[in-house]
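1. fold the following for me, if possible:
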Amino acid sequence: MSLEVGAIVEGEVTGITNFGAFVQLPEGKVGLIHISEVSNVYVKDVHDFLKEHDKVKVKVLSIDERGKIGLSIKQLTPPAPAAPQPKPQRPQNENRERRVGVRTQNARPVSPLTFEDKLSKFLKDSDDRMLDLKRNTESKRGGRGARRER
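-> Prediction:
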C-alpha cells in the first residue's frame, strides 16, 4: 500500500523535537507531525501529548517531491465544543434608569433619544475629545506652534 495525501495510517513515534514528532509509517517511511498538528489545543511542549514508542493514528497531509511527509493527529480528532460565554451582567440600577418613564432619585423621566439627538451628542463628545488631544499635543511640542530659536 503506497501512501497518498488524505490517507489515515497508524505509526509509531520514533522521535520528538521542539517543533514536532517523527513517526515511523508502514513501508519504512518516516513522517513529521508538526507541533501545530498535534492537538486542537495550544501545544507548548510536544512531550505533554506524545511519548516515544506511542502508537498513533495520523492523517497524511502532504508529500513533497523530496519525499517529506506531513502528518496530522489534530485533523482526526473532533474539535472541542466551545464553552458557553457568560453574558455580562449590568448593575441593577442601570437597568432601572434606562427604562422609559421610570423615575429615579432627583431625576427626570428617561426618554428614548432620537437619531438627531444621538448624532448631536456624538459630535459634541467627538469635538471635546479632539480639543483635549490637540491641547495635549501642543503642550508637548512647545505650545501654540511657536518655533524654537536655535
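
2. okay, now the domains of the chain?
-> 8-76, 112-141 (automatic domain parsing).

3. run the chain-centre distance for the last one.
-> When you say that, I think you mean domain 112-141. Averaging C-alpha positions (C-alpha atoms, centre = their mean, to the nearest Å) puts domain 112-141 32 Å from its chain's average.

4. follow-up on the earlier one: tell me which of the domains of the chain is the most buried.
-> With neighbours taken as mean count of other C-beta atoms under 10 Å, the domains of the chain reach their highest mean count in domain 8-76, at a mean of 15. For glycine as for every other residue, the C-beta is placed from the backbone atoms N, C-alpha and C.

5. can you check the distance spanned by that one, start to finish?
-> End-to-end distance of domain 8-76: 9 Å, with C-alpha to C-alpha, to the nearest Å as the criterion.

6. please apply the same query to stretch 64-78.
-> By C-alpha to C-alpha, one end of stretch 64-78 lies 27 Å from the other end.

7. so what's Gly31 closest to, chain neighbours aside?
-> Ile69 (3.4 Å; C-beta to C-beta, 6 or more residues apart in numbering).

8. phi first, then psi, for that neighbour.
-> The phi and psi values for Ile69, taken as degrees, to the nearest 10, are phi -110, psi 120.

9. the residue nearest the centre of the chain is in what secondary structure piece?
-> What sits nearest the mean C-alpha location of the chain, by C-alpha atoms, centre = their mean, is Tyr42, with 11.5 Å. Tyr42 belongs to no helix or strand when assigned by DSSP states H and E.
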